[in-house]
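Enquirer: Provided below are the primary sequence and the corresponding predicted coordinates.
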Amino acid sequence: MFENLSERLSGVFDRLTKQGSLSEEDVKTALREVRVALLEADVSLPVARDFIKTVESRATGQAVTKSVTPGQQVVKIVHDALVETLRGEGDPGALKIDNPPAPILMVGLQGSGKTTTTAKLAKRLKDREGKRVLMASLDTNRPAAMEQLAILGKQIGVDTLPIVKGEDPVQIAKRAKTQAALGGYDVYMLDTAGRLHIDAELIAQAAAVRDVANPRETLLVVDGLTGQDAVNVATEFDDKIGVTGVVLTRMDGDGRGGAALSMRAITGKPIRFVGLGEKMDALETFEPDRIAGRILGMGDIVALVEKAQETIEAAEAEKMMRRMAKGQFNMNDLKGQLEQMQKMGGMQGLMGMMPGMGKMAKQVEDAGFDDKMLTRQIAMIQSMTKKERANPALLQASRKKRIAAGSGMDVSDLNKLLKMHRQMADMMKKMGKMGKGGMLKQAMK
Ligand code: GDP
């Protein structure tokens, strides 16, 4: 589903992926196209505008995670913003159905999938929560609809209120309420009449039923393929009847993602379930992550960015090991390593990642090294010139004084740092000499 939006966004991000860095202008250009894509996917204008604003302020000024491209980073930001817009509060599938018998009112247009959804939900409550459910059809205009619910009830093993000819919807609702109480049901579901379009009579009827039943949940069933119209329907029903949640049907088809996004943003009502087919099991709780992933069609990129943060430390360590294997370890390497230590919560973390380093961690600690020193040590290295960093042997007394003064430290602190560097460099040379099949090669596999 959502091919249109997904394809469109893919194009935008492909272009962005080829660029080197994520500038403000890049973000603006990309998001202009995202906005068009959203509008084409039937997302309403104010929703698209708000959405873009959120993403823009988030994307601009955000550091691009190393090891992913700027385009990938923007995908992640767009994805997260989609999830946020789509998400309601709490567990979408958790219905308020304590205090038996709890009434659930089902409303929506004819053909939206209301009757099918009523039965699917009844089955779900019975199977997953062990509820005793009674279903009643109030569609007195269409005897076939009442019959349909009775057939579905038999099929899924859920009771339906016997059909009594000549009753109006309010009378049926009252009878359902009484029957539910007498029969010891946990839940009774009222499947109201639908029309092809919203009209005054439809609304009046639903309101009258609502007043009799005093429902705990009023679920609006909307055809997910109808795009912008779906939002209008939802707004209308919510204003006149008051809905507590939305069920989007036909999300198994290749409709546009816009309906879900606008519906959520405009009505503020949580999307509770999605219908994913005609079968009685084809009802799932709404998962914003999944829908956002499908809208973007780039789930793997999102996962990649999430992983990148975790793997970046390992990648850096590997890079350093390769230099070590060649016997290279200068102050830049040390600085890189100290910065990694900071990120990873200190000495233990980093040493733990490198085989054979446990002993050295102890030595380094004995040499007066602690994690609080990290910042200051990095500052000392930053006070060195490029040449000094590449070749610490250059550091004679006058240079040491300059560096210590520049970083607000004593020369003795600098000497400790240099000693640590020498010890580490020695160690690494030894490890590097182990050569092919040695410890380092093993570790790098
Ligand atoms: P109502 O008039 O709103 O009660 O609509 P129905 O429940 O009678 O559904 C109309 C048609 O849509 C039926 O053929 C259903 O099988 C079909 N339908 C309902 N929900 C879904 C869904 O989630 N996916 C698909 N593919 N079909 C659905």
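Expert: Received, thanks.

Enquirer: how much space between the closest residue to the ligand within the stretch 251-400 of the chain and residue 397?
Expert: Nearest residue of the stretch 251-400 of the chain to the ligand (C-beta to the nearest ligand atom) works out as residue 275 at 2.5 Å. (Each C-beta comes from the backbone N, C-alpha and C, glycine too.) Distance of residue 275 to residue 397, computed by C-beta to C-beta, to the nearest Å: 79 Å.

Enquirer: equivalent analysis for residue 138, please.
Expert: In terms of C-beta to C-beta, residue 138 sits 95 Å off from residue 397.

Enquirer: which of those two has more neighbours?
Expert: The neighbour count for residue 138 versus residue 397, taken as other C-beta atoms under 10 Å, is higher for residue 138 (27 against 8).

Enquirer: which non-adjacent residue is nearest residue 390?
Expert: Spatially, and ignoring its direct neighbours in sequence, residue 390 is nearest to residue 330 (5.2 Å; C-beta to C-beta, 6 or more residues apart in numbering).

Enquirer: hmm, that neighbour is touching residue 387, no?
Expert: No. Residue 330 lies out of contact with residue 387 (C-beta atoms under 8 Å); the separation is 10.5 Å.

Enquirer: neighbours of residue 430, just the number please.
Expert: By other C-beta under 10 Å, neighbour count at residue 430 equals 13.

Enquirer: kindly report the same for residue 133.
Expert: Neighbours of residue 133 using other C-beta under 10 Å come to 29.

Enquirer: around the ligand, which positions in the stretch 1-150 of the chain sit nearby?
Expert: Taking C-beta under 6 Å from any ligand atom as the measure of proximity, the stretch 1-150 of the chain contacts the ligand at 108, 110-116.

Enquirer: from the residues you listed, which would you call buried?
Expert: When these are checked for burial by 16 or more other C-beta atoms under 10 Å, the buried set is 108, 110, 112-116.

Enquirer: please identify the one among those that lies nearest to residue 259.
Expert: Closest approach to residue 259 among these (C-beta to C-beta): residue 112, at 11.8 Å.

Enquirer: element containing the closest one?
Expert: In this structure, residue 112 is located outside every helix and strand according to DSSP states H and E.

Enquirer: now residue 230
Expert: Here residue 230, judged by DSSP H and E, is contained in helix 228-240.

Enquirer: which parts of the stretch 151-300 of the chain sit against the ligand?
Expert: 194, 249-250, 252-253, 275-278, 282.

Enquirer: please repeat the previous calculation with a cut-off of 8 Å.
Expert: 191, 194, 221, 224, 249-253, 274-278, 282-283 (C-beta under 8 Å from any ligand atom).

Enquirer: helix, strand, or coil at residue 188?
Expert: State at residue 188, reduced to three classes by DSSP: H, G, I helix; E, B strand; the rest coil: strand.
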